[in-house]
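K.L.:
have a look; sequence and predicted model below, questions after that.
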Amino acid sequence: METTKALTPKTLAGFAALAIGFSSTTASAAPIQRQIVTQGPNGASKLVKVAMASQPQATRQLSPFNLAYMAYQGWFTNEGVPSANQLIRDYRTGRISAIEVAQAAVQTNRLSADTLNNDSYLASLDTQLKALSQD
């Protein structure tokens with residue numbers, strides 16, 4: 001017989017924090033082009049477009065808490081991460097790990113790819129997934 005996890009005040013508080021807790025987002029911009037007027041070999045003016053370095057792409061940095069709850073809510077099912085009770089069962093049996101949840105967030109541009117190399121972030125995410133799966 002399967003047991004399901006009831007919504008407790010602690011769980012509801014987590015959902016409320018998720019609703020308001022998205023972390024910072026950096027702005028993105030299109031590549032910048034600058035027009036420069038130069039003088040040609042015979043003295044004629046020439047307009048040249050020069051591509052400048054572009055601004056960084058937008059990346060969202062989610063807290064491990066928010067990422068765990070987003071996975072629980074099913075934000076990453078298209079990337080192969082199960083949701084709700086199936087996520088909890090798969091985490092308990094080792095079929096899904098914190099790194100796989102983080103990879104799904106990177107695939108959906110909700111997390112920077114650099115985060116996959118951040119052992120502290122992954123350990124915190126693992127702690128949050130453990131907290132979700134406690135009876």
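P.N.:
That came through fine. Residues are numbered from 1 along each chain as shown.
K.L.:
the bottom helix or strand of this protein by mean pLDDT?
P.N.:
helix 9-20 (a mean of 47; mean pLDDT, DSSP states H and E).
K.L.:
for the chain, which segments count as strands?
P.N.:
33-39, 45-51 (DSSP state E).
K.L.:
buried stuff in stretch 112-123?
P.N.:
Ser112, Thr115, Tyr121, Leu122 (16 or more other C-beta atoms under 10 Å). Heads up, the C-betas are built off the backbone N, CA and C, glycines and all.
K.L.:
for those, give me CSV that also has distance to Leu62 and pLDDT.
P.N.:
Putting those into CSV (distance: C-beta to C-beta, whole Å; pLDDT from 0 to 100) gives the following:
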residue, distance to Leu62, pLDDT
Ser112, 10, 94
Thr115, 9, 95
Tyr121, 10, 97
Leu122, 13, 97
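K.L.:
and of the residues you listed, the nearest to Ser63?
P.N.:
Tyr121 (9.1 Å; C-beta to C-beta).
K.L.:
excluding sequence neighbours, find me the nearest residue to the closest one.
P.N.:
Thr115 (5.3 Å; C-beta to C-beta, 6 or more residues apart in numbering).
K.L.:
the one you found and Ser83, how far apart?
P.N.:
From Thr115 across to Ser83, the span is 21 Å (C-beta to C-beta, to the nearest Å).
K.L.:
that older thread, so of the buried residues of stretch 112-123, which ones are in helices?
P.N.:
Tyr121, Leu122 (DSSP state H).
K.L.:
for this protein, what spans make up the helices?
P.N.:
So, for the chain - with DSSP H - the helices run 9-20, 64-73, 84-93, 98-107, 119-132.
K.L.:
hmm, who's touching stretch 96-109?
P.N.:
58-60, 62, 67-68, 70-71, 75-76, 79-82, 87, 90-91, 111-113, 115-116, 121-123, 125-126, 129 (C-beta atoms under 8 Å, 6 or more residues apart in numbering).
K.L.:
buried among the residues you listed? Make that a ChimeraX selection.
P.N.:
Buried members of the contacts of stretch 96-109, defined by 16+ other C-beta under 10 Å, are picked up in ChimeraX with:
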select :59,60,62,67,68,70,71,75,76,81,82,87,90,91,111,112,115,121,122,125,126,129
